[in-house]
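>>> build me a model from this:
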Amino acid sequence: MITIVKKNPQGEALFSYQGEVLAATSRVCIIRAFWTWPDRDLGYARFETGDCFTEYYYTDRWFNIFAIAGKDGERKGWYCNIAEPAVFLEDRIEQVDLFLDVWVDRQGNVQVLDEDEFQAATNLSSAQRRAAQEGLQTLLEMVAHREGPFAEIEP
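A predicted model of the protein is given here:
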């Protein structure tokens, strides 16, 4: 088991949870975690107790990717956080969240989320803003080309 720590732009821990390492290299760590919080309806998706999250963290990319399946194994979609590259430590993964999020449904339709929160944030540096925008573009290109975790998008 490994602990995943989500931080704010100032590096302060916001919350943490546990996951199981499925695969790891010096550049990517793939973990499996389960939704243990109360059910949450986001409008475009509903996260429910027992949903399985296969999470991809990268040390050289400004995002992470969560492939989400229900308890029945049915793919719900992909939730992506625009974030600073992950830091891999012996017992945990730490990542600084930069407000922007992306939802990709099973057919590959994309919704960029929280753009207003990103624009209004006064605690982001110009370097963080620039890298976040570049990370978003890279992520959207991965979706468009069905690369990596997005290879499972339904035709």
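>>> what about stretch 76-90, start to end distance?
31 Å (CA to CA, to the nearest Å).
>>> list the buried ones in that stretch?
76-86, 88 (16 or more other CB atoms under 10 Å). Every C-beta, even on glycine, is put in place using the N, C-alpha and C of the backbone.
>>> make JSON lines from these and add secondary structure to it.
What follows is the buried residues of stretch 76-90, written out as JSON lines (DSSP: H, G, I helix; E, B strand; the rest coil):
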{"residue": "76", "secondary structure": "strand"}
{"residue": "77", "secondary structure": "strand"}
{"residue": "78", "secondary structure": "strand"}
{"residue": "79", "secondary structure": "strand"}
{"residue": "80", "secondary structure": "strand"}
{"residue": "81", "secondary structure": "strand"}
{"residue": "82", "secondary structure": "strand"}
{"residue": "83", "secondary structure": "strand"}
{"residue": "84", "secondary structure": "coil"}
{"residue": "85", "secondary structure": "coil"}
{"residue": "86", "secondary structure": "coil"}
{"residue": "88", "secondary structure": "strand"}
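>>> and of those, the nearest to residue 137?
residue 82 (10.3 Å; CB to CB).
>>> what about the nearest residue to the closest one once chain neighbours are set aside, how many residues close to it?
Spatially, and ignoring its direct neighbours in sequence, residue 82 is nearest to residue 100 (3.8 Å; CB to CB, 6 or more residues apart in numbering). As a burial measure, residue 100 scores 25 neighbours (other CB atoms under 10 Å).
>>> could you check how far residue 100 is from residue 17?
Distance, residue 100 to residue 17, using CB to CB, to the nearest Å: 21 Å.
>>> re the thing from before, for the residue nearest to residue 82, what are phi and psi?
When read as degrees, to the nearest 10, the backbone of residue 100 gives phi -70, psi 140.
>>> quick one, what contacts it?
81-82, 112-115, 118, 132, 136 (CB atoms under 8 Å, 6 or more residues apart in numbering).
>>> go with 7 Å
Listed by CB atoms under 7 Å, 6 or more residues apart in numbering, the contact set of residue 100 reads 82, 112, 114-115, 118, 132, 136.
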